[in-house]
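>>> Quick one, what's the 3D model for this:
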Amino acid sequence: MMTTTMDVPLKELAKLRAITEGTSKGRNPSIEGSLDSLLQTLYQVRNELETDSMSKDTLVLLAQTVEAKKKEIDEKQKEIYNAIVRLGKALDKAFTQPLPSYDPLFTSDDAKASLDATVAVHFLRTGQFSAAEMFIQESGVTIDAAIRDKFEELHRILTALRMHDIDPALEWCSKNRQFLQSKSSPLEFYLHRSQFIRLLLACEAPYQPALSYANTVLRNYYTEHTAEFRRLLACFTYLPKLEHSPYADLASSTVHTDLESLFATEYCASLGMSRQAPLKVVGDIGAGGALARIEKARTVMKEKKSEWSQSDELPIEITLAPENRYHSIFACPVSKEQSTEQNPPMMMVCGHVITKDSLHKLSKVNGRVKCPYCPTESVQTSALRIYF
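Here you go, the predicted structure:
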């Protein structure tokens, strides 16, 4: 699993949040819990005062309670302070270089409006509707009401999926079936597969509810999903111990939980949007070490009084997480360099691929090239450019 610069700070931030919310494993309750308990005690004492039933022991107990709650709050504040200090140290360790200073990027009114709209849409897309409304009010940006409605519908359906209710998602699939079929999306089948697995694991022999569902619903998807359809029916053979069978993956919770990300991807695609929130991608890549490495390279090049003239390339390689790799990359096995538009990958007649520069260097005077990985010889002009 790939680690990033922000992994440790994020862990410390999660610990701080757990401490402040009272969900950590510490012995002290949250400050809010201690104050609520103290208020409850004060209300009880007030009621006794009103009924003249308060004794000296009650006052002693009140004093002890106040002192105990004060001690709890003090200790909790120390925990929070220590967590903040650890978070600060983790951030300092992750970002050893000061943040770079650049000229303002969003200076024109149009650029500022576009940035505000991007932030507002991000809040809507991630389901932070109250934050989105507040941001829209304060920034004055205009967001189409249809976009708001779409994202509200998206999160309503995602919430239903989280509650094991696939009906809203199936209704959306029915309305957008032509779009899903044009992408060969398995979403609708996977929704029914999830429901079938739930019925299968919930009922007892002879498993009539699951059989009826397979016969009336899943049968309609046999042509497009033949192999998976057969796997689902084969599950009956291994009941009630499906988790110990060759089809144990179908008993996993991921069969159901993965539906949320798949549905969100297809829904955003229907709106012409990327599968990932753009601001999240920018934040993950920038805070994941890319910005620090680029700034370090910039500083080194400035000290050496050199400039990078390629507008479509970076002077250094930036390692990205798999989910943030959007283009195939070919590295020549001969030169060990990545291919570019000017130096594309070329496939020789034997099927081996090297870059165009390497092909020229290996070419003899008569234009023939011997493959560096097999005995085959071919003419340089017979090599074909490969597109990834």
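
>>> How is the residue nearest the centre of the chain assigned, secondary-structure-wise?
When Cα atoms, centre = their mean is applied to the chain, the residue found nearest the centroid is Q276 (7.4 Å). Look at Q276: counting by DSSP: H, G, I helix; E, B strand; the rest coil, its state is coil.

>>> same thing with D110?
Applying three-state DSSP: D110 is helix.

>>> okay, it: pLDDT?
Here, the pLDDT recorded for D110 equals 90.

>>> show me the contacts for it.
Going by Cβ atoms under 8 Å, 6 or more residues apart in numbering, D110 touches no other residue. Placement of C-beta: from N, CA and C, glycine included.

>>> That one and A132, how far apart?
As defined by Cβ to Cβ, to the nearest Å, D110 lies at a distance of 21 Å from A132.

>>> just checking, the residue nearest to the centre of the chain touches R325?
No: in this structure Q276 lies outside contact range of R325 using Cβ atoms under 8 Å: 11.8 Å.

>>> which residue packs closest to the residue nearest to the centre of the chain, ignoring adjacent ones?
Nearest residue to Q276, sequence neighbours excluded (Cβ to Cβ, 6 or more residues apart in numbering): E323, at 7.2 Å.

>>> Next: A234.
That would be Y247: by Cβ to Cβ, 6+ apart, it lies 6.5 Å from A234.

>>> Surely that neighbour and Y238 touch.
Yes: under the criterion of Cβ under 8 Å, Y247 lies in contact with Y238, with a separation of 6.5 Å.

>>> can you give me the helices for the stretch 251-388 of the chain?
254-270, 278-285, 291-303, 356-362 (DSSP state H, counting those that start in this stretch).

>>> Ok, the stretch 51-200 of the chain next?
Counting by DSSP H, counting those that start in this stretch, the stretch 51-200 of the chain has helices at residues 56-94, 109-125, 129-139, 145-162, 167-175, 177-182, 187-202.

>>> ok, residues contacting the fourth one?
Contact partners of helix 145-162, identified using Cβ under 8 Å, 6+ apart, comprise 121, 124-125, 127, 129, 132, 166-169, 172, 256, 259-260, 263-264, 267-268, 271.

>>> run the last query once more with 10 Å
Contacts of helix 145-162 from elsewhere in the structure, counted by Cβ atoms under 10 Å, 6 or more residues apart in numbering, are 117, 120-121, 123-129, 132-133, 136, 143-144, 165-172, 191, 194, 256-257, 259-264, 267-268, 270-271, 273.

>>> Flag the shaky bits of the stretch 51-200 of the chain, pLDDT-wise.
For the stretch 51-200 of the chain, the stretches with pLDDT under 70 are 97-100.

>>> give the contact list for G33.
21-22, 69, 72-73, 76.

>>> Compute the inter-axis angle for the strand or helix carrying it and helix 56-94.
Using DSSP states H and E, G33 falls within helix 31-50. Angle between the axes of helix 31-50 and helix 56-94 is 170 degrees (criterion: axes from the mean of the first three to the mean of the last three Cα atoms, to 10 degrees).

>>> tell me how far helix 31-50 is from the chain's mean position?
In terms of Cα atoms, centre = their mean, to the nearest Å, the centre of helix 31-50 is set 44 Å apart from its chain centre.

>>> Any buried residues in it, and which?
Neighbour-count burial for helix 31-50, counted by 16 or more other Cβ atoms under 10 Å, picks out 31, 33-34, 38, 41, 45.

>>> Can you tell me which of the residues you listed is nearest A290?
I31 (38.1 Å; Cβ to Cβ).

>>> my guess is the closest one meets K70, correct?
No: applying Cβ atoms under 10 Å as the test, I31 and K70 come out as separate, 11.1 Å apart.

>>> Now for the residue nearest to Y222 when sequence neighbours are not counted: which residues touch it?
Nearest residue to Y222, sequence neighbours excluded (Cβ to Cβ, 6+ apart): F229, at 5.0 Å. With contact taken as Cβ under 10 Å, 6+ apart, F229 is in contact with 189, 193, 214, 218-219, 221-223.
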